[in-house]
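1. what follows is a protein structure lacking sequence information:
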């Protein structure tokens, strides 16, 4: 004869233990899903910051080139030279003399390239 009488709560407790076993490991899945979202958000925010930095650099370079052009009576060569000097930060990665000269040359070459024309407008052609 058992010393303690079985209570009527024991089936509920065993059912509770079974449901806890089914839930086990769900926190790892939740952390994985949340971390993927967090990583995507962080990378997106970084990309927005880099795009804003590039936009600010191009704006500053064009304003500086316009100032130099205004001081030199609108000479195109001085404006292109200053724009190349200002945009060299987009092309270079170090402050070494050789890398800076290569960056300036590359920026000036990219400025000298002609821009591709847009798509043709139907019914209108240039002669």
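-> Happy to help now that I have it. These numbers were taken from a predicted model, which means no experiment stands behind them.
2. mind checking pLDDT for residue 14?
-> Per-residue confidence (pLDDT) for residue 14: 59.
3. meant to ask about residue 103
-> With respect to pLDDT, residue 103 scores 79.
4. same question for residue 22.
-> The predicted local confidence for residue 22 comes out at a pLDDT of 63.
5. tell me where the protein has helices.
-> Assigned by DSSP state H, the helices in the chain fall at 10-23, 26-71, 76-91, 97-112.
6. most packed of these?
-> Of all the helices of the chain, helix 76-91 has the most neighbours on average by mean count of other Cβ atoms under 10 Å, namely a mean of 18. All C-beta spots, glycine's among them, are computed from the backbone N, C-alpha and C.
7. now for that one, which elements pack on it?
-> Applying 3 or more Cβ pairs under 8 Å, 6 or more residues apart in numbering; DSSP states H and E, one finds that helix 76-91 contacts helix 26-71, helix 97-112.
8. quick one, the first one and helix 76-91 angle?
-> Counting by axes from the mean of the first three to the mean of the last three Cα atoms, to 10 degrees, helix 26-71 points 160 degrees away from the direction of helix 76-91.
9. which residue packs closest to residue 92, ignoring adjacent ones?
-> In this structure, residue 92 finds its nearest non-sequential neighbour in residue 103, 3.4 Å apart by Cβ to Cβ, 6 or more residues apart in numbering.
10. re the thing from before, tell me which of the helices and strands packed on helix 76-91 lies nearest to residue 88.
-> Comparison of the helices and strands packed on helix 76-91 against residue 88 by Cβ to Cβ identifies helix 97-112 as nearest, at 4.0 Å.
11. what's the closest one packed up against?
-> If you count contacts as 3+ Cβ pairs under 8 Å, 6+ apart, helix 97-112 packs onto helix 76-91.
12. quick one: average confidence on the helix it packs on?
-> pLDDT averaged over helix 76-91 gives 83.
13. residues in contact with it?
-> With Cβ atoms under 8 Å, 6 or more residues apart in numbering as the test, helix 76-91 has contacts from 54, 57-58, 60-62, 64-66, 68-69, 72, 100, 102-104, 106-108, 111-112.
14. same question, stretch 38-56
-> Contacts for stretch 38-56 (Cβ under 8 Å, 6+ apart): residue 90.
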